[in-house]
Structures are given as structure tokens and as C-alpha cells.
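K.L.:
Sequence and computational prediction follow.
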Amino acid sequence: MTFQLILHELLATTTGAFAAIFLDWEGETVGLVCDRDLSDHDLRIVGAYQAVVLSRLRAMCYKLALGAPHRYTLDFGSTLVMASDLKDGYYLVLLLDRRANEGMAWHQLETTRQKLLSEI
């Protein structure tokens, strides 16, 4: 299964999801799907900035001996940004609107995470 198909399936099965971005350790987009009229460039930037957030979060958790973070959610009021670490620096970002059920979205994100892990 290709990365694009996996990402399309994530959007199709997650209520409120409107974009999914699969990125490498440098914040470069490997795969991107969006079902709204949004700029691919802007979405790539949102995805790349999650590398910065994840890097800073890892450093803070290491300093405080909390263990490695595996996922996080940023809540912007009208939009949720969910990010999940994969392996070897790869990560997955999901953008959702307020209709989303965060618990169900995490469940779908984990299913997608496992599919991507089997492909990389």
C-alpha cells in the first residue's frame, strides 16, 4: 500500500480530519493529503514546524527524565494538530476541525501509524 493511500484512508475514517502529512526527520514531506482548498505549501510548513515542536519536546522530556514523547496535540481553538512519532525520525501529522473526537482520532492515527511503520 502506498503512503498516499494510507493517508487517504486516515482522512476517510477520521471524522473532522482534513489533512494528513507524513514527514521525515528533516521536516520534509514524504506524503500529503488534504480534502480542503488549502495550499500544499502552507500544509508542508505546518508539518515541518512539528519537527521543531517534537525536537524541543524531546529535549525537555530528556532534561526532566520523563521518557521519550511519542505523540502530542496542539489545540488552536478551531483546529487540532496531532502529531505522532514513527521511527528513525519519521512522524505523522493530522489536522482536524472541532467536529473531531480526539480519542477516536488517536485510535485512527495509531492504526495509520502501524501501517506506515510496516511500509518504511
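P.N.:
Nice, I can see it. Numbers count the residues shown, from 1 in each chain.
K.L.:
these two touch, right, Gln108 and Leu11?
P.N.:
No. The pair Gln108 / Leu11 is not scored as a contact, 9.4 Å apart, by Cβ atoms under 8 Å. C-betas here are computed from N, CA, C, even on glycine.
K.L.:
Pick out whichever of these two has more residues nearby.
P.N.:
Neighbours were counted for Gln108 and for Leu11 using other Cβ atoms under 10 Å; Gln108 has more, 23 against 20.
K.L.:
Can you get me a residue count around the nearest residue to Gly89 once chain neighbours are set aside?
P.N.:
Once flanking residues are discounted, Gly89 sits nearest to Trp25: 2.5 Å by Cβ to Cβ, 6 or more residues apart in numbering. Neighbours of Trp25 under the rule other Cβ under 10 Å: 13.
K.L.:
Assess the claim that Trp25 and Asp85 are in contact.
P.N.:
No. Counting by Cβ under 8 Å, Trp25 does not reach Asp85; the two are 10.5 Å apart.
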